[in-house]
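>>> generate a structure from the sequence data that follows.
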Amino acid sequence: MTVLLIVEQVLNGLQYGVMLFLMAAGLTLVFGIMNLVNLAHGSLYMVGAYLATFFYTQTGSFLLAALLALPATLVVGIVVELVALRTLYERDHLDQVLATFGLILFFNELVAIVWGRSALYTTLPAWLSGHVVVLPGLRYSVYRALVILVGLAVAILLWLVVSRTRLGMLIRAGASNRTMLSALGVNVTLLYTVVFGFGAALAGLAGLMAGPIYAVQTGMGEQILIQVFVVIVIGGIGSIRGALVGAILVGMVDTFGVFVKPMLGTVLSPVAADSAGPAIASMLIYLLMAVVLALRPQGLFPTRAS
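Have a look, this model is predicted:
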């Protein structure tokens, strides 16, 4: 039973990790290439979740809702970049933090006006609501397994795009020397828009996949954004490979935090374990970040090594 529980927690950690990766991949590219601190990235995650839920209720098809929500979130991201963020590239990080924090407030109020402040819940279609046998005696959610497969597929696709295509070459060049890239005749402004739009689409993909697992509500983007920043710091700013490794590490550590309380119960009183267990579990990912920074201040995979 213990082995099956560990395997199940590994799968849950992997599922949560790939969702963090979808968020972190877009954010690390935006920060690594555009040098833009975008606190509103979590808002795009929230918008993706709301749009997917809305399209699902309107069409009755989960797959069609996903196909509509992704380009819609991409368009929202491009509009945000064109209207609000383009003027911030030459400003310092404090101005960027203040402006994107304002975008958080704007999007939270906007979705509250359109969909209300009550949480929305998505019911999975029948073909996604079953279970698959992973091991004898262990059944795992089909939907969570699909989330893992989609996240890993997107990771492979991103790696191919960044390392094997002309667009990826421009992205890597932009991360290294934007001035030289512009001098060579590349439209850096358009490149920024494309990168930000696809980063928004990745956040929207994470949001639409999170909808059936968690509640869709205002402010849901801020809840996950802190962990996404932890992932980026651990993996290395601007590194897709680092975002994947960091996301899986954080997902595993966060998921296995449920074992802290039972372990403390073996050496402490039940009252003390109940009090200290959740607090220590919530600290684990930050302790992981501190250890990584102590050993590798630029993260596990800094961009120069990617």
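>>> list the contacts of stretch 66-82.
40, 44, 47-48, 51-52, 55, 59, 103, 192-193, 196-201, 203-205, 207-208 (C-beta atoms under 8 Å, 6 or more residues apart in numbering). For glycine as for every other residue, the C-beta is placed from the backbone atoms N, C-alpha and C.
>>> out of the residues you listed, which end up buried?
Neighbour counting with 16 or more other C-beta atoms under 10 Å marks 40, 44, 47-48, 51-52, 55, 103, 192-193, 196-201, 203-205, 207-208 as buried within these.
>>> mind checking which of the residues you listed land in helices?
The helices, defined by DSSP state H, take in 44, 47-48, 51-52, 55, 103, 192-193, 196-201, 203-205, 207-208 from the buried ones among the contacts of stretch 66-82.
>>> quick one: Gly238 is in a strand?
No - per DSSP: H, G, I helix; E, B strand; the rest coil, Gly238 lies outside any strand segment and is coil.
>>> ok, it to Trp159 distance?
14 Å (C-beta to C-beta, to the nearest Å).
>>> who has more neighbours, these two?
Gly238 (26 against 14; other C-beta atoms under 10 Å).
>>> quick one: pLDDT of that one?
pLDDT recorded at Gly238 is 78.
>>> for the one 4 residues further on, same thing?
Gly242 is assigned a pLDDT of 88 by the prediction.
>>> can you get me a residue count around it?
Gly242 has 28 neighbours, counted by other C-beta under 10 Å.
>>> mind listing what Val114 touches?
Neighbours of Val114 in contact, by C-beta under 8 Å, 6+ apart: Tyr50.
>>> for this structure, just list every one of the strands.
For the chain, the strands defined by DSSP state E occupy 131-135, 138-141.
>>> could I get stretch 214-229 in PDB with only the CA atoms?
In PDB, the C-alpha atoms belonging to stretch 214-229 read as follows (Å, rounded to 0.1, in the frame of the first residue of the first chain):
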ATOM      1  CA  TYR A 214      -9.300  23.400  -9.200                       C
ATOM      2  CA  ALA A 215     -11.900  26.100  -8.800                       C
ATOM      3  CA  VAL A 216     -12.000  28.800 -11.500                       C
ATOM      4  CA  GLN A 217     -12.100  32.100  -9.500                       C
ATOM      5  CA  THR A 218     -10.800  35.600  -9.400                       C
ATOM      6  CA  GLY A 219      -7.300  35.800  -8.100                       C
ATOM      7  CA  MET A 220      -6.400  32.200  -9.000                       C
ATOM      8  CA  GLY A 221      -3.400  33.500 -11.000                       C
ATOM      9  CA  GLU A 222      -1.700  35.100  -8.000                       C
ATOM     10  CA  GLN A 223      -1.900  31.800  -6.000                       C
ATOM     11  CA  ILE A 224       0.300  30.000  -8.500                       C
ATOM     12  CA  LEU A 225       2.500  32.800  -9.700                       C
ATOM     13  CA  ILE A 226       4.800  32.700  -6.600                       C
ATOM     14  CA  GLN A 227       5.500  29.100  -7.200                       C
ATOM     15  CA  VAL A 228       6.200  29.800 -10.900                       C
ATOM     16  CA  PHE A 229       8.800  32.400  -9.900                       C
END
